[in-house]
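In: Return atomic coordinates for the entry below.
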Amino acid sequence: MLVAGFAAGAFQANCYLLATGDGTECVIVDPGQDAVTRIDEALAEHRLTPVAVLATHGHFDHVYSAREVADAHGIPVYIHGDDRELLSDPLKGLGPQLSAMFGGQVQMTEPARVVELDGTPLELAGLSIAVDLTPGHTPGSVIFRLSTDEGGEVALTGDTLFAGAIGRTDLPGGDMARMQESLRDTVLSLPDRTVVLPGHGTTSTIGDERASNPFLAGLTPAHGAGSG
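Out: Residues are numbered from 1 along each chain as shown. The predicted structure is shown next:
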């Protein structure tokens, strides 16, 4: 599986392009601020044709360029229904302090085509993508999971899980209790070998986070810890 990623925008949110290989279709995950040029470069470099934009959640640093990218290629944006309103009203998810950083104005418009995620797996660009609902950072946060041809597993965790940290829950729609449930019941149930591609920062594995992430300490997965 081909994974091309880069950080962009004021908050350095990670954007990823996923495909079965060069010269194929792809999906674009979390195209945030200032991501369009880098996306176009990656599409050209790997000769990729995008078929969908996927959003791990609706905060503008992850979806700011979603409409531009999706509408330019005539493809849909997939986002959970609980975060859909943030595509056209980003300030609703920021709170007063962050809103003030941008002068109280972040102009966005909903893409022409939007598909609401509900946990149903996706079959896109030759990829089988599991969709785990992980509310907490936002009501509509999700994790996308894929298996590679080499037998590995990859989880795009958005702002639910970072290397050594988790997403904040003090913004509008955030809920620490729901975040802990998502971490306990979903994240910690994943196999240790799962590669974590987070919404910010560096890659990790579930095993490393299980062992060292202080926010996971004391949380016991409902179905037992992952392994392998």
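In: Name the next helix or strand downstream of the helix or strand of the chain with the lowest mean pLDDT, please.
Out: Within the chain, no helix or strand scores below helix 95-101, which has a mean of 70 by mean pLDDT, DSSP states H and E. Moving toward the C-terminus from helix 95-101, the next helix or strand (DSSP states H and E) is strand 114-117.
In: so where's this protein uncertain?
Out: Within the chain, the segments meeting pLDDT under 70 span 99-105, 221-228.
In: any chance you could map the strands in this structure?
Out: Per DSSP state E, the chain carries strands over the ranges 2-8, 13-19, 25-29, 49-54, 77-80, 114-117, 122-124, 127-133, 142-147, 153-158, 161-162, 165-166, 195-198, 204-205.
In: do you know which of the ones you listed lies nearest Leu219?
Out: With Cβ to Cβ as the measure, strand 165-166 is the member of these nearest Leu219 (10.6 Å). C-betas here are computed from N, CA, C, even on glycine.
In: So what touches that closest one?
Out: 137, 160, 179, 183, 201, 213, 215 (Cβ atoms under 8 Å, 6 or more residues apart in numbering).
In: go again using 6 Å as the cut-off
Out: Under the contact criterion Cβ atoms under 6 Å, 6 or more residues apart in numbering, strand 165-166 has outside partners Phe215.
In: residues contacting Pro198?
Out: Counting by Cβ under 6 Å, 6+ apart, Pro198 has contacts 157, 162.
In: Give the bridge partners for it, please.
Out: Gly158 (DSSP bridges).
In: From Leu54, how far off is it?
Out: As for Pro198, its distance to Leu54 is 15 Å (criterion: Cβ to Cβ, to the nearest Å).
In: One more: Ala8?
Out: From Ala8 across to Leu54, the span is 16 Å (Cβ to Cβ).
In: between those two, who's got more neighbours?
Out: Using other Cβ atoms under 10 Å as the criterion, Ala8 and Leu54 rank with Leu54 on top: 26 against 22.
In: surely that one meets Pro31?
Out: No - between Leu54 and Pro31 there is no contact under Cβ atoms under 6 Å: 9.4 Å.
In: So what sits opposite Ile79 in the bridge?
Out: Assigned bridge partners for Ile79, using DSSP bridges, are Glu116.
In: What distance do you get for it to Leu86?
Out: According to Cβ to Cβ, Ile79 stands 8 Å off from Leu86.
In: Arg113 now?
Out: Noted for Arg113: a distance of 17 Å to Leu86, by Cβ to Cβ.
In: Those two: who's more crowded?
Out: Counting neighbours by other Cβ under 10 Å for Arg113 and for Leu86 shows that Leu86 has the greater number, 27 against 14.
In: Quick check, Leu18 in contact with Val27.
Out: Yes - counting by Cβ under 6 Å, Val27 is a contact partner of Leu18 at 5.2 Å.
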